[in-house]
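K.L.:
have a look at this prediction, sequence included:
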Amino acid sequence: MHRFLTLIFLLLFFFSSAKATMTEINPLFMGKIAVVDNSVPGSIRIYPNGQYLVDNNFVVLEEGTPGNYLFDGLPASTNIQLSVQTAGSDMQYAVQTSSAVFQLDPFLEQSSQTTNEQGELTIKLGATLTSSGDGIYLDGVYFKPITLQLDY
Amino acid sequence: MNLRLINKLMIGVLAFGMVGTAAAATQEINATVTVSNTITLAKNSDLSFGSISATFDDTASSTVVAKMTVKADGSPSVVTANTPASANIIIIADGAPAEVAVSGAAPGQDLSVSVAETTVTMTDPSGVSAHTFSLQAFNFYYAENSNTFTTTTDGTGNLTIGIGADLVTTNPAGDSGVGILYDDATYTGKFNLNVEY
């Protein structure tokens, strides 16, 4: 009986201390673009299925990709509530601050998903990028940290 | 340890387990976009009208001119002059169009190509000659599209632009007559090519 209890404790310890880890299959990339008209706001939308919609305000040099992330270490066959959070919606400019900024609003393919029998879950992420409608965009990389939250 | 105690322990353990497995995981990721507004231009060659013999009409109030057209596609240049030619251009060695290579643009994208100046006055920078030519009517050729009107970049965002123009004699109106020879000199002028989306 002691062995049985020890086993139970060890299993519980294992499950309660198991930590979900993420592998980035594809980053959320809104594309390589030229902003040819910033007199009015324009938008680029990437859907989680890869559909890429671009307003005439932009010329696309390289199409973007939706985010695709593999989580493991989650409990098997469990419903997971998903959400995304950002600190504000303005993207940051990697080179300097004297540039017009984009807004980025990410969205998930699904708000809840069920892990497989191995405790794995693939999450797809899309986003809408909106230009400011005034100012000049300097060449460079603009980025936005996004927090993915999994509740289970 | 009797069976009742074990059951209590199991219940306690399971309760602990249920609380312990209700959890949240967070992961920070980055979204990026790359802005590349700049189109790169590289001049492969200047526009040359070669070596010519030229005369101009210096009659007061005359508007008679001769012109030499260097074609952007590199085909032989053409001279247009009156008959009899009070102003004329004779080609000794033909010229060649300018060539500018565009890179870093969007693939398969139509570009706007133009010369900023409508007319450029070509002068002798050494100052030996006061004579001038007028450079005007720029024409273009797009090698990737093999024509003079399609400005679409290729699959890698490149476009090779040939630039020709008319070299036109001028009328200084000194009233010294017709068929006045230009001074031997090298006449130069500058123009700016604009390429944009």
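P.N.:
Everything's here; your move. Numbers count the residues shown, from 1 in each chain, chains lettered A, B, ... in the order given.
K.L.:
contact partners for residue B:92?
P.N.:
Residues near residue B:92 by C-beta atoms under 8 Å, 6 or more residues apart in numbering or on different chains: B:50-53. (C-beta placed from N, C-alpha, C; glycine too.)
K.L.:
how far does stretch A:35-43 sit from the chain's center?
P.N.:
In terms of C-alpha atoms, centre = their mean, to the nearest Å, the centre of stretch A:35-43 is set 24 Å apart from its chain centre.
K.L.:
equivalent analysis for stretch B:61-74, please.
P.N.:
The answer for stretch B:61-74 is 22 Å, by C-alpha atoms, centre = their mean.
K.L.:
can you pull the buried residues of it?
P.N.:
B:64-72 (16 or more other C-beta atoms under 10 Å in any protein chain shown).
K.L.:
all the helices of the chain, residue numbers only.
P.N.:
I'll assume chain A. A:2-17 (DSSP state H).
K.L.:
that's the other chain; I wanted chain B
P.N.:
Under DSSP H, chain B gives helices at B:3-21.
K.L.:
which stretches of it form strands?
P.N.:
Remark: strands assigned in chain B by DSSP state E are B:24-35, B:40-45, B:51-56, B:67-70, B:78-80, B:88-93, B:98-103, B:112-115, B:119-122, B:133-142, B:159-169, B:180-181, B:193-196.
K.L.:
sorry, back to before: columns pLDDT on top of the contacts of residue B:92, output as TSV?
P.N.:
Listed next are the contacts of residue B:92 as TSV, based on pLDDT from 0 to 100:
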residue	pLDDT
B:50	98
B:51	98
B:52	98
B:53	97
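K.L.:
just among these, which is most surrounded?
P.N.:
Counting neighbours by other C-beta atoms under 10 Å in any protein chain shown, residue B:52 leads the contacts of residue B:92 with 21 neighbours.
K.L.:
run the chain-centre distance for stretch B:102-115.
P.N.:
That offset, for stretch B:102-115, works out to 8 Å (C-alpha atoms, centre = their mean).
K.L.:
turn the buried residues of stretch B:61-74 into TSV, columns for pLDDT and distance to chain A.
P.N.:
Formatted as TSV, the buried residues of stretch B:61-74 follow (pLDDT from 0 to 100; distance: C-beta to the nearest C-beta, whole Å):
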residue	pLDDT	distance to chain A
B:64	91	45
B:65	94	40
B:66	97	42
B:67	97	36
B:68	98	37
B:69	98	33
B:70	98	32
B:71	98	30
B:72	98	25
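K.L.:
low-confidence ranges, the chain, go.
P.N.:
The chain I'm using is chain A. Scanning chain A with the threshold set as pLDDT under 70 gives A:1-18, A:95-98.
K.L.:
I was after chain B.
P.N.:
Ranges of chain B meeting pLDDT under 70: B:1-21.
K.L.:
could you redo the last one with a cut-off of 80?
P.N.:
B:1-22, B:60, B:173-175 (pLDDT under 80).
K.L.:
just the closest of the contacts of residue B:92 to residue B:40, please.
P.N.:
residue B:50 (29.2 Å; C-beta to C-beta).
K.L.:
once you drop chain neighbours, what's closest to residue 90?
P.N.:
All of this is about chain A. Excluding the flanking residues, the one nearest residue A:90 by C-beta to C-beta, 6 or more residues apart in numbering or on different chains is residue A:101, at 4.8 Å.
K.L.:
the intended chain is chain B.
P.N.:
Spatial nearest neighbour of residue B:90, excluding adjacent residues (C-beta to C-beta, 6+ apart): residue B:53 at 4.4 Å.
K.L.:
ok, longest strand in chain A?
P.N.:
strand A:140-151.
K.L.:
run the angle between that strand and strand B:24-35 for me.
P.N.:
160 degrees (axes from the mean of the first three to the mean of the last three C-alpha atoms, to 10 degrees).
K.L.:
just the CA coordinates for strand A:140-151, please, in PDB.
P.N.:
C-alpha atoms of strand A:140-151 as PDB (Å, rounded to 0.1, in the frame of the first residue of the first chain):
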ATOM      1  CA  GLY A 140      13.100  48.700 -40.900                       C
ATOM      2  CA  VAL A 141      11.500  46.000 -38.700                       C
ATOM      3  CA  TYR A 142       8.500  46.900 -36.500                       C
ATOM      4  CA  PHE A 143       7.600  44.400 -33.800                       C
ATOM      5  CA  LYS A 144       5.000  43.800 -31.200                       C
ATOM      6  CA  PRO A 145       5.200  41.300 -28.300                       C
ATOM      7  CA  ILE A 146       2.100  39.200 -27.800                       C
ATOM      8  CA  THR A 147       1.300  37.000 -24.800                       C
ATOM      9  CA  LEU A 148      -0.500  33.700 -25.500                       C
ATOM     10  CA  GLN A 149      -2.300  32.400 -22.500                       C
ATOM     11  CA  LEU A 150      -3.500  28.900 -22.000                       C
ATOM     12  CA  ASP A 151      -6.000  28.100 -19.200                       C
END
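K.L.:
residues of that strand that come out buried?
P.N.:
In strand A:140-151, counting by 16+ other C-beta under 10 Å, buried: A:140-144, A:146, A:148, A:150.
K.L.:
out of the residues you listed, which touch chain B?
P.N.:
A:140-144, A:146, A:148, A:150 (C-beta under 8 Å from any C-beta of the partner chain).
K.L.:
let me know the closest of those to residue A:90.
P.N.:
residue A:144 (7.7 Å).
K.L.:
hang on, isn't the closest one packed against residue A:93?
P.N.:
No. Residue A:144 is not in contact with residue A:93 according to C-beta atoms under 8 Å; the separation is 10.6 Å.
K.L.:
any idea how far the spatially most central residue of chain A lies from residue A:43?
P.N.:
Residue closest to the average C-alpha location in chain A (C-alpha atoms, centre = their mean): residue A:125, at 4.7 Å. Here the criterion is C-beta to C-beta, to the nearest Å. By it, residue A:125 lies 17 Å from residue A:43.
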